[in-house]
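> I would like to see how this sequence folds:
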Amino acid sequence: MRRTAIVWLALVVTASPAAAAGAAPPLPSAIVPSRAIGPFRLGMTARQFETARRTALCPGNVQAVFEQGRVARLETNCGGAYRTETRITVGMDPSRMLRIFGTPDRIVRSNTGGTRGEWLQYVRFGIAFRVVYADVGYGLIQAIAVFRGTAPWQAPADTDLPDGPPEPPPGLN
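The predicted structure follows:
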């Protein structure tokens with residue numbers, strides 16, 4: 001009897017979607033490049049997106065762009081509620097982001113109301129960070145967006161990187 005229960009449990013665990021994908025499902029507060037921000041997923045319909053708002057952290061601070069009736073891009077400016085698996089969140093200086101993701105594929109100016117800003121886009125991974133700059137040159141992550149990337153994202157093996165002192169991000173010249 002005990003052996004039958006163990007075999008049954010093993011079948012249930014290996015048949016689960018998370019086990020089939022080879023990874024645990026993302027946390028409700030996780031930003032997953034090319035996939036999701038918390039309960040909001042790329043590919044959702046408008047109705048599913050509004051339903052997700054009911055249980056989301058910071059529900060009014062996640063915006064969606066729809067293409068052909070499905071979520072094609074998600075963006076949040078809610079600091080602390082959502083973060084990547086490598087502990088990057090809105091409100092941080094961008095030094096950790098730059099150490100983990102490296103040089104952006106594209107930098108797009110995004111100045112608003114006299115504040116210098118830019119989107120640092122990692123097109124291959126499906127994630128972008130809007131960084132705003134103080135007069136002295138240091139930046140702050142003001143928003144994070146996810147969209148379909150062109151290559152799979154895999155966090156570095158050592159995700160326990162030290163935060164260290166802020167480093168000026170690469171700016172547009």
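> look up phi and psi at residue 46.
phi -60, psi -40 (degrees, to the nearest 10).
> isn't it up against residue 67?
No: if you go by Cβ atoms under 8 Å, residue 46 and residue 67 don't touch, sitting 11.6 Å apart. For the C-beta atoms, the positions are set from N, CA and C on the backbone; glycine is no exception.
> who does the residue nearest the centre of the chain bridge with?
The geometric centre of the chain, computed from its C-alpha atoms, lies nearest to residue 31 (Cα atoms, centre = their mean), at 3.1 Å. Note on residue 31: beta-bridge partners residue 37, residue 84, judged by DSSP bridges.
> residues in contact with it?
The neighbourhood of residue 31, defined by Cβ atoms under 8 Å, 6 or more residues apart in numbering, consists of 37-38, 76, 82-84, 88-89, 127, 144, 146.
> let's see 7 Å
Counting by Cβ atoms under 7 Å, 6 or more residues apart in numbering, residue 31 makes contact with 37, 82-84, 144, 146.
> list the buried ones in the longest strand seen in the chain?
Determined from DSSP state E, the single longest strand within the chain is strand 139-147. Using 16 or more other Cβ atoms under 10 Å as the test for burial, strand 139-147 gives 139-147.
> reformat those residues as TSV; add pLDDT and distance to residue 52.
Compiled in TSV, the buried residues of strand 139-147 are given as follows (pLDDT from 0 to 100; distance: Cβ to Cβ, whole Å):
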residue	pLDDT	distance to residue 52
139	91	30
140	94	27
141	96	23
142	95	23
143	97	19
144	97	17
145	98	17
146	97	14
147	97	17
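> okay, those residues in a markdown table with distance to residue 98 next?
Output for the buried residues of strand 139-147, formatted as a markdown table (distance: Cβ to Cβ, whole Å):
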| residue | distance to residue 98 |
| --- | --- |
| 139 | 10 |
| 140 | 13 |
| 141 | 11 |
| 142 | 15 |
| 143 | 16 |
| 144 | 14 |
| 145 | 17 |
| 146 | 18 |
| 147 | 20 |
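> list just the nearest of those residues to residue 105.
residue 147 (12.2 Å; Cβ to Cβ).
> quick revisit: farthest pair within the contacts of residue 31?
Across those (Cβ to Cβ), the longest gap, 12.5 Å, separates 83 and 146.
> in a markdown table, list the contacts of residue 31 along with distance to residue 53.
Output for those, formatted as a markdown table (distance: Cβ to Cβ, whole Å):
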| residue | distance to residue 53 |
| --- | --- |
| 37 | 12 |
| 82 | 14 |
| 83 | 19 |
| 84 | 21 |
| 144 | 18 |
| 146 | 17 |
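> nearest to residue 113 among these?
residue 144 (20.2 Å).
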